[in-house]
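Colleague: I'd like to go over a predicted model; first the sequence, then the structure.
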Amino acid sequence: MTIEIRQFACLADNYGYLIRDRETGDVAAIDTPDARAINTQLDAAGWRLTHILNTHHHWDHVGGNLALKDKWGCQIIGPKAEAEQIPGLDVAVGDGDVVMLGASKAMVYDTPGHTSGHIIFYFPEDGAAFVGDTIFAMGCGRLFEGTPAQMWASLSKIAALPAQTKLYCAHEYTQANAAFALSVDPANAQLQSRAHEVDRLRAEGTPTIPTDVAIELRTNPFLRAGEPELQAALGMSGVNAVDVFAETRRRKDNF
Ligand code: ZN
Ligand code: FE
């Protein structure tokens, strides 16, 4: 592993992440939901913040940018397509770009849908992807700015990462997502057992994030729009995956 990852809960249901390149000691915050919480974590770890990697422009992802830049003089890297909306942005990146945190390499993918310029950061040597609000455990981000076709393509990029890739989502929405997933995919035995496991973890206050690609492929209805079982459960057998995805997302919005 080239990076160390420090995960912490903040705000109502966000996860913050600090990652440290083992070789150089460079440290990045993945998004800045809460500058105070991030500083507390940095102090506890004895780490110095050198970078901020932003996934998209929502306040619970960039709200701490300026306070942290002021304190640490860190470099802010964020989505090219939302450059004007990222406070303090220094380096704008997009699909296919490589970001170096010290000696650790992250690949940038455009994942529009939740917002029009959303990006994710994938560290191939660590098998870790920081996915912001694109995918959640058994869920996906709301389509505030993008189309179902865009979001389906974005989710398909994540689904195509190696199966063991860990997905570091920005919110603990898992329990509510499981309840919805069961409503559209009730016969999925792996989903049923996962939902029970999630209830157990949450009852003891344990995070359900990170998740991984393999378990999402089997239990996340938003990745299963092309699967015959989910289509049948929705009464949409043979319908194209984008339309099945759009209907699934529409139902979640009204769940
Ligand atoms: Zn968001
Ligand atoms: Fe968010």
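Modeller: That came through fine. Ligands and ions are numbered 1, 2, ... in the order given.
Colleague: what is the burial count for residue 224?
Modeller: Residues lying near residue 224 (other C-beta atoms under 10 Å) number 26. C-beta here means a position set from N, CA and C on the backbone, and glycine is covered the same way.
Colleague: that one and ligand 1, how far apart?
Modeller: 23 Å (C-beta to the ion, to the nearest Å).
Colleague: again with residue 67
Modeller: Taken as C-beta to the ion, the span from residue 67 to ligand 1 is 19 Å.
Colleague: state the number of residues packed around that residue.
Modeller: Residue 67: 17 neighbours (other C-beta under 10 Å).
Colleague: also residue 25?
Modeller: 11.
Colleague: go on, residue 184?
Modeller: Neighbours of residue 184 (other C-beta under 10 Å): 20.
Colleague: residues in contact with the closest residue to it other than its chain neighbours?
Modeller: Excluding its sequence neighbours, the residue lying closest to residue 184 (C-beta to C-beta, 6 or more residues apart in numbering) is residue 221, at 5.1 Å. Applying C-beta atoms under 8 Å, 6 or more residues apart in numbering to residue 221 gives the contacts 138, 180-181, 184-185, 230, 248.
Colleague: let's see that with 10 Å instead.
Modeller: 138-140, 177, 180-185, 188, 191, 227, 230, 233-234, 244-245, 248-249, 251-252 (C-beta atoms under 10 Å, 6 or more residues apart in numbering).
Colleague: those in strands, which ones?
Modeller: 139-140 (DSSP state E).
Colleague: which bits of the stretch 1-150 of the chain sit near ligand 2?
Modeller: 60, 133 (C-beta under 5 Å from the ion).
Colleague: could you redo the last one with a cut-off of 6 Å?
Modeller: Within the stretch 1-150 of the chain, the positions near ligand 2 by C-beta under 6 Å from the ion are 58, 60-61, 133.
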